[in-house]
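Asks: Build me a structure from this.
(one chain, ligands or ions: 1)
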Amino acid sequence: MIFESHAHYDDKQFDPDREELLSSMEEHGIERIINVGSDFASCKRTLELTEQYAFVYGALGIHPSDIADLKEETYEWLRENARLPKVVAIGEIGLDYYWEKDAEVQNRQRYWFCRQMELARELSLPVIIHSRDAAEDTMSLMKGIHSEQIPGVIHCFSYSPELAQEYVKMGYYIGIGGVVTFKNSKKLKETAASIPLERILLETDCPYLAPEPNRGKRNSSLNLPYVAKEIAALRGITEEEVIETTRENALRLFTKGR
Ligand code: NI
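Replies: Numbering: from 1, shown residues only. Alright, predicted model coming up:
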């Protein structure tokens, strides 16, 4: 059975068939899903989904592109609600300099990334980190606050295999999704082949980033076998081994609700 470590089923792209789709997960081998909040509204929707579906767990956090949503009241709300039994992580949090070029806003992203990391530390929860075009700042900030003491995953990993190894040494997991099946994703294929299998998590980031052969369409957890198959081919192992090991990895990281 597959552990889907990063999905956004609160997204409006799922409005037409969310219930039908989520109800079909188990029969298609999807055992457990973490729905990840990105802005305040999606955090609230995430909690609703965890109440509606036994196999859906939640992560609460504000994405770097949505930090306009963050003030002390929101932060307090996160702190209170992250204590709920089905909230298993703080995320997604991090830095995104691809969409944000303004130095002042990037500065605020770093501030709120730090604060949310500290929240995870306080609540003893793992983190789900989003980092895009911000490799150096992410690493130096994480080292500065001793992130090796806070377990977590670098989701949708997009940097070099060498940097992936550095995160692995810090105890972090590497989230790999549909991008690994794209022909031009040479670095990610190298990463998927070279880091320990015990450090890889399967994820979709759905509705985004559908793998081949469904690239460009709306993504869902039902596409995860394509990701597992590609990782297996790159490593010369079976798809079953990838699915089983990544499931064990996720259960080891997300201990709450296990
Ligand atoms: Ni995401």
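
Asks: Would you check that L21 makes contact with S220?
Replies: Yes: using CB atoms under 8 Å, L21 and S220 qualify as a contacting pair, with a distance of 6.1 Å. From N, CA and C alone the C-beta is placed, and that goes for glycine too.

Asks: Comparing those two, which residue is more hemmed in?
Replies: The neighbour count for L21 versus S220, taken as other CB atoms under 10 Å, is higher for S220 (24 against 17).

Asks: where's that one relative to G61, distance?
Replies: According to CB to CB, to the nearest Å, S220 and G61 sit 22 Å apart.

Asks: Same question for L201.
Replies: Spatial separation of L201 from G61 under the definition CB to CB is 16 Å.

Asks: And for A89?
Replies: As judged by CB to CB, A89 and G61 stand 8 Å apart.

Asks: Determine the residues that are contacts of both of the two.
Replies: The contact sets of A89 and G61 overlap at 36, 127-128 (CB atoms under 8 Å, 6 or more residues apart in numbering).

Asks: Would you mind putting these into a markdown table with secondary structure and neighbour count alongside?
Replies: Written out in a markdown table, the entries for the shared contacts of A89 and G61 read as follows (DSSP: H, G, I helix; E, B strand; the rest coil; neighbours: other CB atoms under 10 Å):
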| residue | secondary structure | neighbour count |
| --- | --- | --- |
| V36 | strand | 28 |
| V127 | strand | 28 |
| I128 | strand | 32 |
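
Asks: Sort out which one of those lies nearest M139 for me.
Replies: Looking at the shared contacts of A89 and G61 and their distance to M139, the nearest is V127, at 14.3 Å (CB to CB).

Asks: and that closest one, how far is that from H146?
Replies: Relative to H146, V127 is positioned 13 Å away (criterion: CB to CB).

Asks: residues near E136, how many?
Replies: Other residues within reach of E136 by the criterion other CB under 10 Å amount to 11.

Asks: Quick check: which element contains it?
Replies: Counting by DSSP states H and E, the element that carries E136 is helix 135-144.

Asks: can you give me how far that helix is from the chain middle?
Replies: Helix 135-144 sits 18 Å away from the centroid of its parent chain (CA atoms, centre = their mean, to the nearest Å).

Asks: What is that helix packed up against?
Replies: In terms of contacts (3 or more CB pairs under 8 Å, 6 or more residues apart in numbering; DSSP states H and E), helix 135-144 is packed against strand 87-96, helix 103-123, helix 161-169.
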